[in-house]
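In: Have a look at this prediction, sequence included:
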Amino acid sequence: MTEQAPEPFEPVDEDWQTALAVVAHPDDMEYGGAAAVARWTSQGKRVVYVMVTSGEAGIDSMGPEECGPLREAEQIASAALVGVDTVEFLGHPDGMLEYGLPLRRDIARAVRRHRPDIVITSNFRETYGGTFLNQADHVAVGRATLDAVRDAGNRWVFRELLEEGHEPWNGVRQIWAAASPLSRHAVDTTATFDLGVASLQEHKAYLAGLGGAMADAREFLESFGRGAGSRLGVRFAVPFEVFPLR
C-alpha cells in the first residue's frame with residue numbers, strides 16, 4: 001500500500017502588528033521559530049519574548065547560579081539577531097514547571113502588559129510526532145499560555161492584576177504553537193533561514209553542553225525547516241498549530 005502524503009500547510013495570517021512569544025527556556029524559540037520572527041520583524045512587526053525560566057538547569061556541567069545568568073545573556077544576544085529588543089524572564093524554576101494558577105497569572109500579566117495581536121508558544125503536545133517525547137516544561141507552559149490568554153481578557157480572573165494597574169486585554173486574535181505535530185499552518189522562512197541559524201548559534205554554552213545532533217544548529221534546522229517547507233511549497237518553513245480566538 002502506498003503511504004499517503006501529508007496534507008499541504010496553509011500560510012499563517014500575517015495581517016498583524018504585535019506578537020508575544022511565551023516559552024519555557026532560552027533556546028526554545030531558536031529551535032525553529034527564530035527564522036519566522038526574523039521575517040516578521042523585517043516586515044516592521046514587533047515581537048516580544050517572555051522566558052518562563054532562565055534555563056538554569058540546562059547545562060549538566062554548570063551550576064544553576066552560573067548557568068542562569070549566562071543563558072539569559074545568550075538569549076538576549078540571540079533575540080537581537082532577529083530584531084527582538086525586549087526579552088523578559090519570569091524566574092520560574094527550570095525543569096520543575098507545573099501547570100497551575102501561579103503560571104497562568106504570570107503569563108496573563110505579560111499579555112495584559114504587552115497587549116499583542118498574536119501569542120506564540122511552543123508545542124505542548126505529548127510528542128513532536130511519533131515517539132519523540134516532549135519535555136514537561138514545554139507542556140506546562142504551552143497549556144498555561146492557552147488559558148492565560150483568555151484569563152488576560154477577564155477582569156474577574158486574577159483580580160490582583162487590576163490592582164497592579166493591568167487592564168484586561170481581549171485583543172489576542174490567535175495563539176500559535178510552534179512545531180506541534182498537529183500543525184496545519186506554516187510560514188515561509190526561506191529568506192530568513194540563515195538568521196534563524198545564527199540566532200540558535202548564539203546559545204554557545206548551551207549547545208556545547210548539549211552535544212549530539214541538536215547541537216549542530218544548521219543541520220538540525222535545515223532538516224526541520226525542509227520538511228515543513230515541502231508542505232508549504234517553499235524551501236524552508238516553520239509549522240504552527242493555530243488556535244483562533246475571534
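Out: That came through, no problem. The structure presented is a predicted model; accordingly, all values stated were derived computationally and were not measured. Numbers count the residues shown, from 1 in each chain.
In: Just confirm Arg235 is within a strand.
Out: No: using DSSP: H, G, I helix; E, B strand; the rest coil, the assignment for Arg235 is coil, not a strand.
In: my guess is Arg226 contacts Arg235, does it?
Out: Yes: Arg226 lies in contact with Arg235 (C-beta atoms under 8 Å); the separation is 7.2 Å. Any C-beta I mention is one placed from the backbone N, CA and C, and that applies to glycine too.
In: Assign Val187 to helix, strand or coil.
Out: Val187 is classified as strand under three-state DSSP.
In: where does the chain dip in pLDDT?
Out: Low-confidence segments of the chain (pLDDT under 70): 1-3.
In: So which bits of stretch 152-160 are buried?
Out: Within stretch 152-160, the residues that count as buried by 16 or more other C-beta atoms under 10 Å are Ala152, Gly153, Val157, Phe158.
In: for stretch 66-86, same thing?
Out: Neighbour counts over stretch 66-86 (16+ other C-beta under 10 Å) mark 67-68, 70-72, 74-76, 78-79, 81-84 as buried.
In: As JSON lines, the residues you listed with distance to Val172 would be great.
Out: Below are these laid out as JSON lines (distance: C-beta to C-beta, whole Å):
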{"residue": "Cys67", "distance to Val172": "33"}
{"residue": "Gly68", "distance to Val172": "29"}
{"residue": "Leu70", "distance to Val172": "32"}
{"residue": "Arg71", "distance to Val172": "28"}
{"residue": "Glu72", "distance to Val172": "26"}
{"residue": "Glu74", "distance to Val172": "29"}
{"residue": "Gln75", "distance to Val172": "23"}
{"residue": "Ile76", "distance to Val172": "25"}
{"residue": "Ser78", "distance to Val172": "25"}
{"residue": "Ala79", "distance to Val172": "21"}
{"residue": "Leu81", "distance to Val172": "26"}
{"residue": "Val82", "distance to Val172": "22"}
{"residue": "Gly83", "distance to Val172": "21"}
{"residue": "Val84", "distance to Val172": "18"}
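In: of all those, which comes closest to Glu219?
Out: Comparing the buried residues of stretch 66-86 against Glu219 with C-beta to C-beta places Ser78 closest, at 18.1 Å.
In: secondary structure class for that closest one?
Out: Per three-state DSSP, the local secondary structure of Ser78 is helix.
In: Can you tell me the closest non-neighbouring residue to it?
Out: Leaving aside its chain neighbours, Ser78 sits nearest to Glu202 (3.8 Å; criterion: C-beta to C-beta, 6 or more residues apart in numbering).
In: Please report the distance of the one you found from Gly55.
Out: Distance of Glu202 to Gly55, computed by C-beta to C-beta, to the nearest Å: 13 Å.
In: which one of the two has more residues nearby?
Out: Counted by other C-beta atoms under 10 Å, Glu202 and Gly55 do not tie: Gly55 has more neighbours, with 27 against 23.
In: got a list of what that one touches?
Out: Neighbour list for Gly55: His25, Pro26, Asp27, Cys67, Gly68, Arg71, Glu72, Gln75, Asp94, Tyr206 [criterion: C-beta atoms under 8 Å, 6 or more residues apart in numbering].
In: how about a cut-off of 10 Å?
Out: 24-28, 64, 67-68, 70-72, 74-75, 89, 94-95, 137, 203, 206 (C-beta atoms under 10 Å, 6 or more residues apart in numbering).
In: Appreciated, that's everything.
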